[in-house]
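**Student:** The sequence isn't on hand, but the structure is:
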């Protein structure tokens, strides 16, 4: 994607310094675009744990690159395999819920441990990190192309020159992947195809990923958008101002139940009530092939109440990002990070293989090779 | 209600200085409890427009007191009636959605203009302002008693000692009225009756009236509560953690469509989807007896985008309330202040006369003397 007219991924090998990995420090957006250099496994682990990077695809890719850094360090260890396995454990402990993280680490482990020479190990780790990132980009590209057709159909119903209005929640943009994003990929594809789009960006309390990341992404890409608080979407849908909703997902059951950022369920209810299509975009790595009942089966992370009672911002005329109390310091707060939207409220899933109904039959038709059920 | 153990209303005549009106400057809560003195119509209009006071009942009462200040000023005008009518227009232009504002101003106009002497005019304006406030208190007291029965029924289904969980959105507390509140009146009545209650307080972006006002009110009253972001309610209802929703309303059609703070509609959808009762508490002054179609007929105020892009808070260890940017300064933002919940999603209306279905028939049964329809 473009930042200030230059192409970036969220993570990449440094061109000048061999073995160094670059990431965008997403904690500082939108106030400051800062590239961080990862030189050690420890730095990669901290980047994931402390959310310098976040989002399923981006976390997976960072784990892939992190395993390259781990392999580099393990070359000087007495026992290469032991050292690499310990590093793998360290990475996997950073964010225990992200399925892509575990998948990327395990893929690196089995690829690298199959090599015997130092040169082969390091070259394999480097190539696998690159492959994981490239495949993420390819999956998102495909999601974009499939989703584009849905936007094209919506555009065909519009008056000439009128934009297709798309609402999105949280950030399932390129910052959450390596490039393009999942929910945003069809939007970027539509823009490239010359279709007029306008995006309603949900603020996404409590961490404001919509306001801070999605808005910034769309701004950089030149896609027209409007920031709204999370309360607004229903009103817009009642008044015909939303043509479709597209969100990402952190985990989707093979039956089509969608876990995503808290508040997604409310938007799905409003979309259903107003006959607005509700699409969920995901690479197939986000499917949970074991779980049938998302509402009762997917564990929902509870985070600290201080994310609700405090917020980050910038004082007028100052560059520094400060933390503010929104309420009295002793205010009790609960902070559920995700919710689950039942499949009955999801119009379609947009995957890298195509579009399907949010149902066991729909998903199975696109992914017939997958064994499902617990 | 009690603040620091002392009884307060939200608005009252100063005891020491004749003709001066006191309000609580709600913009400073919860950080600072500050009383403001209104001496002129202009100050009353600013207090409403800039939301030193807010909430249907409190805005109505302030308009009532404001008309007293206007009458005082008009006594020295060449044409008393013209001056008073101009002041009435100024007050009515401050906020477009709340019906109480218009109602209070018109009640004062017709009462005061029926008098002929200066002494009678000013005494009538003073008495009418006091009456409007007293009637508001009485209506909220009655709402509390009727709503108490609904909480009592919910409590009867609970295990001994388990609290009734009530979710509320925005602030329809005593700060939004003159005392007791509408949505909170049954909660305070339940507390007084010894029924265990716990309140889920929606933050209520963008102005955070839930976080800043409702949480503060409940804290002062000693009612257990937990602050949540607006995205959370649906998840809680899916998991049986909400026994009922009670909100207020800024305008309700005689057919039962409910205009209330933006985001109310989303909570009503979630309540309906999970068979959680959704109650709306209102004094009958909030009914719109003309309008049948709330979704298409009630004008929705659009406020400045800076309420979305900026927020007020307090830096750690500092008392001063500061404004900070949540996003880049040029971020385009839309800010719809209210939405309309269709009557089909509203379980019951709680009024000062009793509880009724949210339908033309239900409302008419409680208020048979009212002529309805446009």
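**Tutor:** Sure, I can see it. Small disclaimer: the values here were computed from a predicted structure and weren't measured.
**Student:** Quick check: nearest residue in space to the closest residue to chain B within the stretch 51-200 of chain A, chain neighbours excluded?
**Tutor:** Proximity of the stretch 51-200 of chain A to chain B (Cβ to the nearest Cβ) peaks at residue A:200, 7.9 Å away. Backbone N, C-alpha and C define where each C-beta goes, glycine included. Computed as Cβ to Cβ, 6 or more residues apart in numbering or on different chains, the closest residue to residue A:200 that is not its neighbour in sequence is residue A:167, at 4.1 Å.
**Student:** Which secondary structure state is assigned to the spatially closest residue to residue A:32 that is not a sequence neighbour?
**Tutor:** In this structure, residue A:32 finds its nearest non-sequential neighbour in residue A:319, 7.3 Å apart by Cβ to Cβ, 6+ apart. Look at residue A:319: counting by DSSP: H, G, I helix; E, B strand; the rest coil, its state is coil.
**Student:** Same check on the one 10 residues further on?
**Tutor:** Using three-state DSSP as the criterion, the local structure at residue A:329 reads coil.
**Student:** Return the residues in contact with it.
**Tutor:** Counting by Cβ atoms under 8 Å, 6 or more residues apart in numbering or on different chains, residue A:329 touches residue A:309.
**Student:** hmm, back to that, count the neighbours of the residue nearest to residue A:32 for me.
**Tutor:** Using other Cβ atoms under 10 Å in any protein chain shown, residue A:319 has 8 neighbouring residues.
**Student:** Got the phi and psi for it?
**Tutor:** Main-chain dihedrals, residue A:319, degrees, to the nearest 10: phi -90, psi -30.
**Student:** Tell me how far it lies from chain B.
**Tutor:** 11 Å (Cβ to the nearest Cβ, to the nearest Å).
**Student:** do the same with residue A:19
**Tutor:** Using Cβ to the nearest Cβ, one gets 35 Å for the distance from residue A:19 to chain B.
**Student:** Assumed the residue of the stretch 51-200 of chain A closest to chain B was part of a strand.
**Tutor:** Yes - the assignment for residue A:200 by three-state DSSP puts it in a strand.
**Student:** doesn't residue A:47 make contact with residue A:53?
**Tutor:** Yes - Residue A:53 is within contact range of residue A:47, at 5.4 Å (criterion: Cβ atoms under 8 Å).
**Student:** Can you pull the residues that touch both of the two?
**Tutor:** A:23, A:62.
**Student:** related to what we said a few turns ago, ok, the residue nearest to residue A:200 - contacts?
**Tutor:** Contacts of residue A:167 by Cβ under 8 Å, 6+ apart are A:199-200, A:202, A:233, A:236-237, A:242, A:244-246, A:267.
**Student:** Mark out where each domain of chain A begins and ends.
**Tutor:** Each domain of chain A is listed here as a residue range: A:2-135, A:144-366, per automatic domain parsing.
**Student:** Report the outermost residue of chain A with respect to its centre.
**Tutor:** No residue in chain A sits farther from the centre than residue A:78, which is 37.4 Å out by Cα atoms, centre = their mean.
**Student:** check which helix or strand covers it.
**Tutor:** If you go by DSSP states H and E, residue A:78 is not part of any helix or strand.
**Student:** Please identify the deepest-packed of the domains of chain A.
**Tutor:** domain A:144-366 (a mean of 22; mean count of other Cβ atoms under 10 Å in any protein chain shown).
**Student:** Test my guess that the residue of the stretch 51-200 of chain A closest to chain B contacts residue A:237.
**Tutor:** No - counting by Cβ under 8 Å, residue A:200 stays clear of residue A:237, with 9.7 Å between them.
**Student:** hang on, the earlier thing: let me know whether the residue nearest to residue A:32 touches residue A:34 as I believe.
**Tutor:** No - Residue A:319 is beyond contact range of residue A:34, at 11.7 Å (criterion: Cβ under 8 Å).
**Student:** tell me which element residue A:207 is part of?
**Tutor:** Short version: residue A:207 belongs to no helix or strand, going by DSSP H and E.
**Student:** per-residue confidence averaged over stretch A:286-304?
**Tutor:** Averaging pLDDT along stretch A:286-304 gives 92.
**Student:** what's in contact with it?
**Tutor:** Contacts to stretch A:286-304, defined as Cβ under 8 Å, 6+ apart, come from residues A:56, A:97, A:99-100, A:249-255, A:257-259, A:334-340, A:342-343, A:360, A:363, A:367, A:370-374, B:235, B:238.
**Student:** Now, the residues you listed that are in strands?
**Tutor:** A:251-253, A:258-259, A:338-340 (DSSP state E).
**Student:** give me the subset of the residues you listed touching chain B.
**Tutor:** Near chain B, judged by Cβ under 8 Å from any Cβ of the partner chain, the entries from the ones in strands among the contacts of stretch A:286-304 are A:338-340.
**Student:** Quick check: phi and psi on residue A:35?
**Tutor:** Backbone torsions for residue A:35, taken as degrees, to the nearest 10, come to phi -100, psi 130.
**Student:** Nearest residue to it in space, please, no chain neighbours.
**Tutor:** Nearest one to residue A:35, counting by Cβ to Cβ, 6+ apart, is residue A:22 at 5.3 Å.
**Student:** ok, now how distant is that neighbour from chain B?
**Tutor:** 23 Å.
**Student:** what's near enough to touch the residue of the stretch 51-200 of chain A closest to chain B?
**Tutor:** By Cβ under 8 Å, 6+ apart, the neighbours of residue A:200 are A:165-168, A:225-226, A:228, A:232-233, A:236, A:241-242, B:334.
**Student:** element containing whichever residue of the stretch 101-250 of chain A sits closest to chain B?
**Tutor:** Nearest residue of the stretch 101-250 of chain A to chain B (Cβ to the nearest Cβ) works out as residue A:231 at 2.7 Å. If you go by DSSP H and E, residue A:231 is not part of any helix or strand.
**Student:** How about it: what's its closest non-neighbour residue?
**Tutor:** In space, residue A:231 is closest to residue B:263, 2.7 Å off (Cβ to Cβ, 6+ apart).
**Student:** you'd agree the one you found is up against residue A:230?
**Tutor:** Yes - if you go by Cβ under 8 Å, residue B:263 and residue A:230 touch, sitting 7.2 Å apart.
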